[in-house]
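Novice: model the structure of this input:
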Amino acid sequence: MSTPAPTPARAMLRRTFTRAALCLGGLIASRPLLAQTSEAAPRVVLETNLGTIVLELAPEHAPKTVANFLRYVNEGHYNGTIFHRVIPNFMAQAGGFDAQLREKPTRPPVEHEGRQALQAGLRNQIGTIAMARTNDPQSATAQFFINVANNDFLDPVLIPPGDPVPEFTHRGRVYRNVPRSQLLNSPQLYGYTVFGRVVTGMDVVQRLVQIPTGSAGPFPTDVPKQTVTILKASVQKGRT
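Specialist: From the prediction side, this is the model:
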């Protein structure tokens, strides 16, 4: 979720995310993303009418996010929800609306864990899953998205040491002697929390993002014209 530049910004939808470009500015070295499959890592099976998608989660790097996601899975929240926002060469988003595009109730938001996940190597790359949210970084609840491109601009921005921070570069502009709290609390620098990856069924996701989209319900665009439903979400047997 070749990687062309993102399409022009669209109107903010509830529980969707801003597409403002974020830049790491060389603050983190490239690391392999969940390169090793862990026998202990929990896996969630998404049975859809298009095929089965298996997600492997990373509780050691995003513990609150994973616990929140698993609770929704175990409560049956995702059963009957659809992929309601799909953009080729970007991502596929689900987890918030039923087939009639009615939004399902959720619990309070989960704490944003994007920076600690990024430091462990979890980035918005092809096949990873991340939490969707509004402009408020602390607003993620149940919705998630699967990256179908290397969306580095969605990664959190790591803040260099120091207070004030002696020098900080963002989107080509250099800032000097900025209070650390000002950078840590800037909504534009939070990015999106990656908490796992697709281990089986990426071909299903790729077929999904090729489905023509249009307007439906409260959404002016990006809704698949062929409804793709999560029939059942469950924790894979033998996994916690």
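
Novice: how about the helices in this protein?
Specialist: Taking DSSP state H, the helices of the chain run over residues 63-74, 114-119, 180-184, 202-208.

Novice: show me what the longest one is packed against.
Specialist: Spelled out, it's helix 63-74. strand 43-48, strand 51-57, strand 194-200, strand 229-235 (3 or more C-beta pairs under 8 Å, 6 or more residues apart in numbering; DSSP states H and E). For every residue, glycine as well, the C-beta is placed using N, CA and C.

Novice: same question for the third one.
Specialist: Counting contacts by 3+ C-beta pairs under 8 Å, 6+ apart, the secondary-structure elements packed against helix 180-184 are strand 165-170.

Novice: how about residues contacting the strand it packs on?
Specialist: Residues outside strand 165-170 that contact it (C-beta atoms under 8 Å, 6 or more residues apart in numbering) are 23, 25-26, 157, 159-160, 174-180, 183, 189.

Novice: got the buried residues for it?
Specialist: 165, 168, 170 (16 or more other C-beta atoms under 10 Å).

Novice: re the thing from before, can you flag the buried ones in the contacts of strand 165-170?
Specialist: For these, buried by 16+ other C-beta under 10 Å: 157, 159, 178, 183, 189.

Novice: for this structure, give me the ranges with low pLDDT.
Specialist: Low-confidence segments of the chain (pLDDT under 70): 1-39, 238-240.

Novice: swap in 80 and give it another go.
Specialist: Scanning the chain for pLDDT under 80 picks out the ranges 1-39, 237-240.

Novice: what residue of it is the furthest out?
Specialist: Distance to the chain centre peaks in the chain at residue 177, reaching 31.9 Å (criterion: C-alpha atoms, centre = their mean).

Novice: if I look at residue 88, how far off is residue 219?
Specialist: Using C-beta to C-beta, to the nearest Å, residue 88 is found at 16 Å from residue 219.

Novice: looking at the buried ones among the contacts of strand 165-170, which are in strands?
Specialist: residue 178 (DSSP state E).

Novice: so what's the residue lying closest to residue 80 once chain neighbours are set aside up against?
Specialist: Distances taken as C-beta to C-beta, 6 or more residues apart in numbering place residue 98 nearest to residue 80, at 5.4 Å, with adjacent residues excluded. Residue 98 makes contact with 80, 81, 82, 104 under the criterion C-beta under 8 Å, 6+ apart.

Novice: farthest pair in those residues?
Specialist: Greatest spatial distance among the contacts of residue 98 (C-beta to C-beta): 82 and 104, at 10.6 Å.

Novice: my guess is residue 82 contacts residue 94, does it?
Specialist: Yes: Residue 82 sits in contact with residue 94 when judged by C-beta atoms under 8 Å, with a separation of 6.6 Å.

Novice: the two: which has the busier surroundings?
Specialist: residue 94 (27 against 23; other C-beta atoms under 10 Å).

Novice: for the residue nearest in space to the middle of the chain, give its distance to residue 68.
Specialist: Nearest to the geometric centre of the chain sits residue 130, at 2.1 Å (C-alpha atoms, centre = their mean). Residue 130 is 13 Å from residue 68, where distance means C-beta to C-beta.

Novice: cool, and residue 96?
Specialist: Residue 96 is 14 Å from residue 68, by C-beta to C-beta.

Novice: now for these two: what residues contact both?
Specialist: residue 141.

Novice: let me see the contact set for residue 50.
Specialist: 204, 207, 208, 228.

Novice: let's see it at 10 Å
Specialist: 83, 201, 203-205, 207-208, 211, 224, 226-231 (C-beta atoms under 10 Å, 6 or more residues apart in numbering).
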